[in-house]
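[1] Have a look; sequence and predicted model below, questions after that.
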Amino acid sequence: MNIMIINNNIQAVAGAYAANSKKIKTAVKEESSDTGISKDEVVLSTQAQSFSQILQKAQSMPEVRQDKVDTYSAQIGAGLYQIDPKGLADKILNMRF
């Protein structure tokens, strides 16, 4: 379930980035050189640069938290893992509705 949440978070960030990229202010400069070739330049806002850095960090994070997997695997193997059915149902309903 945690994998799905993390994956959904990354997808939400990527979706927000795509929507925000349409709004990013760009500036194009033309500079003439001796050969007459013009040069284009794109300038990203500080907000877009910050968002890009956060997105890169999120994408570089592992998809699976191995420490959690190991902990729950050990508990299940030892027969110690207990689930509160009502608490689980409440969490599922809160996520969906």
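    Everything's here; your move. Residues are numbered from 1 along each chain as shown.
[2] Give the next helix or strand downstream of the lowest-mean-pLDDT helix or strand in the chain.
    The weakest-scoring helix or strand in the chain, judged by mean pLDDT, DSSP states H and E, is helix 2-21 (a mean of 64). Counting by DSSP states H and E, the next helix or strand C-terminal to helix 2-21 is helix 46-60.
[3] quick one: buried residues of that next one?
    By neighbour count with 16 or more other CB atoms under 10 Å, helix 46-60 contains the buried residues 48, 51. Every residue, glycine included, has its C-beta placed from N, CA and C.
[4] okay, and for this structure, where does confidence drop off?
    For the chain, the stretches with pLDDT under 70 are 1-9, 16, 18-36, 97.
[5] per the record, what domains does it have?
    The chain breaks down into these domains under automatic domain parsing: 1-63, 65-97.
[6] Three-state assignment for L93, please.
    When classified by DSSP: H, G, I helix; E, B strand; the rest coil, L93 comes out as helix.
[7] Oh, that last question was meant for Q82, not what I typed.
    coil.
[8] That one and Q75, how far apart?
    Using CB to CB, to the nearest Å, we find Q82 at a distance of 9 Å from Q75.
[9] Show me which of the two is the more surrounded one.
    When neighbours are counted by other CB atoms under 10 Å, Q82 and Q75 differ, and Q75 comes out ahead with 12 against 6.
[10] Against G87, how distant is L93?
    If you measure L93 against G87 using CB to CB, the figure is 11 Å.
[11] same question but for K39, I mixed them up
    Separation of K39 from G87 (CB to CB): 61 Å.
[12] check contacts around S52.
    Contacts for S52 (CB atoms under 8 Å, 6 or more residues apart in numbering) come out as 17, 44.
[13] Tell me which residues touch I10, please.
    Contact analysis of I10 by CB under 8 Å, 6+ apart lists 58-59.
[14] Tell me how far it lies from E63.
    Look at I10 and E63: by CB to CB, they are 9 Å apart.
[15] same question, A14
    Here A14 is placed at a distance of 14 Å from E63 (CB to CB).
[16] Next one: S50 from E41, what distance?
    For S50, the distance to E41 (CB to CB) stands at 20 Å.
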